[in-house]
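Engineer: Here is a sequence with its predicted model. Questions after.
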2 protein chains.
Amino acid sequence: MPSPSSSPAAATETDATETDASTARATGARPSPARERILETAFALFYARGIRAVGVDLIIAESGVAKATFYKHFPAKDDLVLAYLDKVDGVWSGQLHAAAQAAGPAPADQLVGLFDALQNACRRDGYRGCGFINAAAESQPGTPVHERTVAHKASVLSWVEDLARRAGARDATTLARSLTLLLDGGLASGTLDAAPEAPRAAKEAAGALVAASLA
Amino acid sequence: MPSPSSSPAAATETDATETDASTARATGARPSPARERILETAFALFYARGIRAVGVDLIIAESGVAKATFYKHFPAKDDLVLAYLDKVDGVWSGQLHAAAQAAGPAPADQLVGLFDALQNACRRDGYRGCGFINAAAESQPGTPVHERTVAHKASVLSWVEDLARRAGARDATTLARSLTLLLDGGLASGTLDAAPEAPRAAKEAAGALVAASLA
DNA sequence: AACGTAGCAGACAGATCTGTCTACTGCCAA
DNA sequence: TTGGCAGTAGACAGATCTGTCTGCTACGTT
């Protein structure tokens, strides 16, 4: 049984404070140890087993909280799911930005460097793809959960597009689209093939596309 | 309520005969009208709403079959799920091959042309991504359902790799990997963005990667 | 004419899942 | 000291889901 902090997105940032603050900001709920324990547990379980596959009873038992407490913080399971997705978004975006920055100051390098985040994610054990894509597969278009996924992907796309524009790409929109396609493909198929070739190929292809777009 | 034949993969081929035969071959079960009705219904419902979200009771009601008949043909729900995945595999592989062939006899053209299948798939309404990726998101690694997904992706990859080799690519393995990444990315994000830009960008990127790999 | 097979109809058992409700325990602040 | 708040413990209702079982009909074959 993996500890919560060793889960898909072991945050390198200071967990408690940062996460508390951003969660509170996003959801309007004030932080509390019990709430945080629930969210942490849900984060690990939802990601590892899927959302529908994990019942609230399990989360309650695993997080050592009373049922009434659970429903006080999250009036319905869906509210917890949304909070979970916000957490996934925060962690994954953080890793993406960090990987990009680590590649240096040039936007063109950052466009390629961001793929290191993919490689790191795939390497982690217990890796089970993109939490958002998985959530979307379990939800219907039009539901809050699904919309949250759409919003996340749109935000990543616009960030990459901005990078592409600053890199001076000929067609920043298309380049950004292609790169996120590569990223999503790596994310989606990372579960299906333990080999590290996929993320490597993704980065290589990204390099070729970026280069071709600048030439 | 969509008719079964208007579902994700409206097969252009002659349905009854071809599908019956291939299903029987794959699963070892003899065909029967009731069985086919069940499978057809499951195909539409599983794809549209997700596997866990659809109960056997609904499939039974929708396909107008008795419960005992259902369980005679599919002793457990998982058996139906597996048959469903085989059907998805058959249809999608068929579309992929058809799109590739339509691009002409040259393997290099086929590598790019196969992306038309993606475009067509995304355009269909009720499109909800790749049945396999969705199924994988709902299943645990190691289960038959998950393994079936892995096998499907591996078979697509090896087909593309063969094409790449015959096209004379410098590094056929990596090129194939990149192209399937692009394909999976398009498949996964097609649900999240109705715009037809994604498949277009995928094909464009594929063209660039193939060209670069032959130069 | 008898029989086996495929199918229909629906009750039933048992598990599981979400969400509500009651009752009790500490703790802190007015 | 009293009242409010966060939390614990767990019973309970109602829905839903998988899988079993009993009985019946219809048809084609021998």
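Structural biologist: The structure has been received and is ready for your questions. Note that the structure is a prediction, hence the values are computed from the model and not measured.
Engineer: Number of residues surrounding whatever residue of chain A ends up closest to DNA strand C?
Structural biologist: Closest residue of chain A to DNA strand C, C-beta to the nearest atom of the strand: A:Gly55 (3.0 Å). Backbone N, C-alpha and C define where each C-beta goes, glycine included. When neighbours are defined as other C-beta atoms under 10 Å in any protein chain shown, A:Gly55 has 11 of them.
Engineer: Within the helices and strands, which one has the closest residue to A:Val210 other than its chain neighbours?
Structural biologist: Closest residue to A:Val210 apart from its sequence neighbours, by C-beta to C-beta, 6 or more residues apart in numbering or on different chains: A:Leu111 at 5.1 Å. Taking DSSP states H and E as the definition, A:Leu111 sits inside helix A:107-113.
Engineer: pLDDT on the biggest helix by length in chain A, on average?
Structural biologist: Ranked by number of residues, the top helix in chain A under DSSP state H is helix A:77-102. Helix A:77-102 carries an average pLDDT of 98.
Engineer: got it, and stretch A:140-155?
Structural biologist: So the average pLDDT for stretch A:140-155 ends up being 96.
Engineer: starting at the chain centroid, how far to that stretch?
Structural biologist: Centroid separation for stretch A:140-155 versus its chain: 13 Å, with C-alpha atoms, centre = their mean, to the nearest Å.
Engineer: Any part of it near chain B?
Structural biologist: Yes. Using C-beta under 8 Å from any C-beta of the partner chain, we find that stretch A:140-155 touches chain B at A:Gln140, A:Pro141, A:Thr149, A:Val150, A:Lys153, A:Ala154.
Engineer: do the same with stretch A:51-65
Structural biologist: Yes. Contact of stretch A:51-65 with chain B (C-beta under 8 Å from any C-beta) involves A:Arg52, A:Ala53.
Engineer: Just list the residues touching the residue of chain A closest to DNA strand C, thanks.
Structural biologist: A:Gly55 makes no contacts at all, as judged by C-beta atoms under 8 Å, 6 or more residues apart in numbering or on different chains.
Engineer: Show the pLDDT at it.
Structural biologist: pLDDT, read off for A:Gly55, is 98.
Engineer: do the same with the one 10 residues further on
Structural biologist: At A:Val65 the predicted local distance difference test score is 97.
Engineer: cool, A:Leu192 as well?
Structural biologist: As predicted, A:Leu192 sits at a pLDDT of 86.
Engineer: do A:Thr19 as well
Structural biologist: Reported pLDDT at A:Thr19 in the predicted model: 39.
Engineer: for the residue positioned nearest the centre of chain A, what are its contacts?
Structural biologist: With distances taken as C-alpha atoms, centre = their mean, the residue of chain A nearest its centroid is A:Trp92 (3.6 Å). Going by C-beta under 8 Å, 6+ apart, A:Trp92 touches A:Ala9, A:Ala117, A:Ala121, A:Cys130, A:Gly131.
Engineer: One more pass at 10 Å, please.
Structural biologist: When contacts are counted by C-beta atoms under 10 Å, 6 or more residues apart in numbering or on different chains, A:Trp92 touches A:Pro8, A:Ala9, A:Ala117, A:Ala121, A:Cys130, A:Gly131, A:Phe132, A:His152, A:Val156, A:Leu187.
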